[in-house]
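Colleague: Curious how this folds, go ahead:
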Amino acid sequence: MLKGRRAVVTGSTSGIGLGIARSLAAQGASLMLNGFGEAAAIETIRANLAAEFGVEVLFNGADLSKADQCEGLVRDAEARLGGVDILVNNAGIQHVSPVENFPVERWDAVIAVNLSSAFHTIRAALPGMKERGWGRLINIASVHGLVASVNKSAYVAAKHGIIGLTKVVALENAETPVTCNAICPGWVLTPLVQAQIEARAKNEGIPVAQAERDLLMEKQPSGRFTTVDQLGGVTVFLSSDAASNITGTTLPVDGGWLAR
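Modeller: Numbers count the residues shown, from 1 in each chain. I've put the predicted structure just below:
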């Protein structure tokens, strides 16, 4: 479906971003990976994706808290892949604290990585997409872009901002062949969430399975985690010709969280 397309996926050396990268590669897109990790582990990921799907896979370790490196990531992809057709802004970090105790430096870091980096990569990628007459801008937001939870002020603010940015970019480019949309996952079983479940089980003296169930049922009525493969499938759909007139929207993948 995406043979010949070139994709940049930020935060794609693990978790949701890696799942999205795999889904795009499986449909024939060449990739520029980005993220943190040990060099040898990242090289293994890169090489395995290239071998499994028969596409070109590159890596750029840009620090997305820095504007010049965000732009540099896009420029590197344009130079080495020949252009950027699909940009997936997935990179994100988290810090949990009440507002009055929230460390200023952590606020700045969350806003920089979770929100500002998307602005910087989008502004860098847009001109080339419009010049070539095709583009897909996909921002991985969260249900926390639409509703709030306590102790997550920076994350919620950033994700609300991502949705606002998505709408503005979509409107500004509505008459072009470039679309901009946001995907809003609910609970996804990543290593970070697994650590939260295990900590909850320990603190409450309950089995891990019960802690997992309790976590899900507080917010996600389906009682099931969203998977990275599902998020990859939604990303592929938004990158397809079938989605060419879908722009400026948010697609929750949240097991009914927002239906409450």
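Colleague: drop to CA atoms for contacts and neighbour counts, all remaining ones
Modeller: Noted.
Colleague: Longest helix of the protein, counting residues only.
Modeller: In the chain, with assignment by DSSP state H, the single longest helix is helix 153-172.
Colleague: Just the strands from the stretch 51-200 of the chain, written as ranges.
Modeller: For the stretch 51-200 of the chain, the strands defined by DSSP state E, counting those that start in this stretch cover 57-59, 86-89, 135-140, 178-185.
Colleague: Mean confidence (pLDDT) on the shortest one, please.
Modeller: Per-residue pLDDT values across strand 57-59 average out to 98.
Colleague: try the last one
Modeller: Summarised as a single mean, pLDDT over strand 178-185 is 98.
Colleague: can you state the direction angle for that strand and strand 135-140?
Modeller: Interaxial angle of strand 178-185 relative to strand 135-140 (axes from the mean of the first three to the mean of the last three C-alpha atoms, to 10 degrees): 20 degrees.
Colleague: Let me have the strands of the stretch 51-200 of the chain in TSV, adding mean neighbour count and distance to residue 22 as columns.
Modeller: Shown next, in TSV, are the strands of the stretch 51-200 of the chain (neighbours: other C-alpha atoms under 10 Å; distance: least, C-alpha to C-alpha, whole Å):
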stretch	mean neighbour count	distance to residue 22
strand 57-59	21	11
strand 86-89	27	13
strand 135-140	27	16
strand 178-185	26	17
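Colleague: counting contacts, what elements does the longest helix of the chain pack onto?
Modeller: Using 3 or more C-alpha pairs under 8 Å, 6 or more residues apart in numbering; DSSP states H and E, the elements in contact with helix 153-172 are helix 104-111, strand 178-185.
Colleague: List the contacts of residue 16.
Modeller: 90, 190, 228, 231 (C-alpha atoms under 8 Å, 6 or more residues apart in numbering).
Colleague: List the buried residues for the strand or helix carrying residue 218?
Modeller: Under the criterion of DSSP states H and E, residue 218 resides in helix 208-219. By neighbour count, and taking 16 or more other C-alpha atoms under 10 Å as the criterion, the buried residues in helix 208-219 are 208, 211-212, 214-216, 219.
Colleague: What average pLDDT does that helix get?
Modeller: Here the average pLDDT along helix 208-219 is 95.
Colleague: how far does that helix sit from the chain's center?
Modeller: 24 Å (C-alpha atoms, centre = their mean, to the nearest Å).
Colleague: in the helix or strand following that helix, what counts as buried?
Modeller: Downstream of helix 208-219, the next assigned helix or strand under DSSP H and E is helix 228-238. By neighbour count on 16+ other C-alpha under 10 Å, the buried set for helix 228-238 is 228-236, 238.
Colleague: Alpha carbons only: can I get the following helix or strand past helix 228-238 in PDB?
Modeller: Later in the chain than helix 228-238, the nearest helix or strand by DSSP H and E is strand 250-253. Taking C-alpha atoms only, strand 250-253 is exported to PDB below (Å, rounded to 0.1, in the frame of the first residue of the first chain):
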ATOM      1  CA  THR A 250      -8.700  13.100  16.200                       C
ATOM      2  CA  LEU A 251      -9.100   9.300  16.200                       C
ATOM      3  CA  PRO A 252      -9.400   7.800  19.700                       C
ATOM      4  CA  VAL A 253      -8.200   4.200  20.100                       C
END
